[in-house]
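J.: my questions are about this predicted structure, shown below with the sequence.
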Amino acid sequence: MGFGQVQQRRLSDDIVTRLESMIVEGTLKAGERLPAERALAEQMGVSRPSLREALQKLAAKGLLVSRQGGGNYVADSLGSTFSDPLLHLLENNPSVQRDLLEFRHTLEGSCAFYAAQRATSLDHQRLRDAFETLQHCYTSEGRPDRAQEALADANFHLAIAEASHNAVLLHTIRGLFDLLKRNVMTNIGGMYALRDETRDMLMAQHSELFNAIIEGRAEDARDISNRHIHYVQEVLAEGVQEAQRVARAQRRQGI
C-alpha cells in the first residue's frame, strides 16, 4: 500500500485564509485600506515576502486592489449588491420603495432575532452607541435633519445586522446600505407629514427593539422589528390613498 506525501501548506495560504475570514465576518469592509505591509506583517507575525505573496493571491481573486499612490484596499465591489446604474434606478422608482419595505420586513426581523441570541458585550456597546445617536436625532430641538436621521437609522439597523453574526445577512445589509438609507429618508419625510405622532412612535419602536436585543429576547425582537415595518407600511399606504383621492377630486373639477 502506498501513501502519498502530505503537502505542507505555504504560510501565504494561511495568511490568505485569515484575511478572507476577516472579509467574510465583516471585520475588513469594502473599500477599507489595509495597514502598510511592514505594519501588517508585524501584526500578523509573518514575514513580508509571505505577506506580499498572500496579498497577490487575494488580488488575483478580486478581493483586494492596489491603488495609485500605494496601499492595498478591500475591493469596493464587495460592498455592492447592485451595480451603480441599477442602484440609481431603484432609488428613483416609487414602487421599489414599497418592495424594499417588504424585503426589509424579512431581512431585519431575522437580523433582530439572531442579534438577540448572539450579540456579545462588544456588540451591545456598538448597538448602544448607534441607538443613542438615533435617539439624539429624534429628541433634538428645531427642524430635524432628515439626512442625518436617515443615516442614524440605517446605522442602527446595520449594527443589529453585525450583532446577528450571520455573514450573509450582514453583507446583504451592507450591500444595500445606501438604498436603505435613501428608503428611510423618503419614508420619514412622508410619514411626518401624515401623522403627528410618527416621531414618537418611531422612537418608541426603536427603543423597544434595542431593549429586546440587549435583553436577549429573540422572538420579541423579531416581532417588534416586524411591527415597526408594518407601521411604516401602514402610514405610507395612507399617504398613497390620500394622494389618489386628491387626484380624483382634481380630475372631477377639471384641474
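T.: Everything's here; your move.

J.: tell me the contacts of the residue lying closest to residue 19 once chain neighbours are set aside?
T.: In space, residue 19 comes closest to residue 58 once its chain neighbours are excluded; the distance is 6.2 Å by Cβ to Cβ, 6 or more residues apart in numbering. Heads up, the C-betas are built off the backbone N, CA and C, glycines and all. Taking Cβ atoms under 8 Å, 6 or more residues apart in numbering, we find residue 58 in contact with 16, 19-20, 64.

J.: now the closest residue in space to residue 166 that isn't next to it in sequence: which helix or strand?
T.: Leaving aside its sequence neighbours, residue 166 sits nearest to residue 114 (Cβ to Cβ, 6+ apart; 5.5 Å). Residue 114 belongs to helix 94-118 when assigned by DSSP states H and E.

J.: low-confidence ranges in the stretch 101-250 of the chain?
T.: Applying pLDDT under 70 to the stretch 101-250 of the chain flags residues 141-144, 189-190, 193-194, 239-250.

J.: thinking again about what came up before, buried sites along the helix holding residue 114?
T.: Going by neighbour count (16 or more other Cβ atoms under 10 Å), the buried part of helix 94-118 is 97, 100-101, 103-105, 107-117.

J.: ok, now stretch 222-239?
T.: Here stretch 222-239 shows 222-226, 228-229, 231-233, 235-236 as buried, counting by 16+ other Cβ under 10 Å.

J.: generate JSON lines for these, with secondary structure and distance to residue 215 as supplementary columns.
T.: Converted to JSON lines, those look like this (DSSP: H, G, I helix; E, B strand; the rest coil; distance: Cβ to Cβ, whole Å):
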{"residue": "222", "secondary structure": "helix", "distance to residue 215": "14"}
{"residue": "223", "secondary structure": "helix", "distance to residue 215": "14"}
{"residue": "224", "secondary structure": "helix", "distance to residue 215": "12"}
{"residue": "225", "secondary structure": "helix", "distance to residue 215": "15"}
{"residue": "226", "secondary structure": "helix", "distance to residue 215": "18"}
{"residue": "228", "secondary structure": "helix", "distance to residue 215": "17"}
{"residue": "229", "secondary structure": "helix", "distance to residue 215": "21"}
{"residue": "231", "secondary structure": "helix", "distance to residue 215": "22"}
{"residue": "232", "secondary structure": "helix", "distance to residue 215": "24"}
{"residue": "233", "secondary structure": "helix", "distance to residue 215": "27"}
{"residue": "235", "secondary structure": "helix", "distance to residue 215": "28"}
{"residue": "236", "secondary structure": "helix", "distance to residue 215": "30"}
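
J.: distance of residue 74 from residue 25?
T.: The gap separating residue 74 from residue 25 is 13 Å, by Cβ to Cβ, to the nearest Å.

J.: which residues touch stretch 208-221?
T.: 112-117, 119, 124, 127-128, 131, 156, 160, 163, 224-225, 228.
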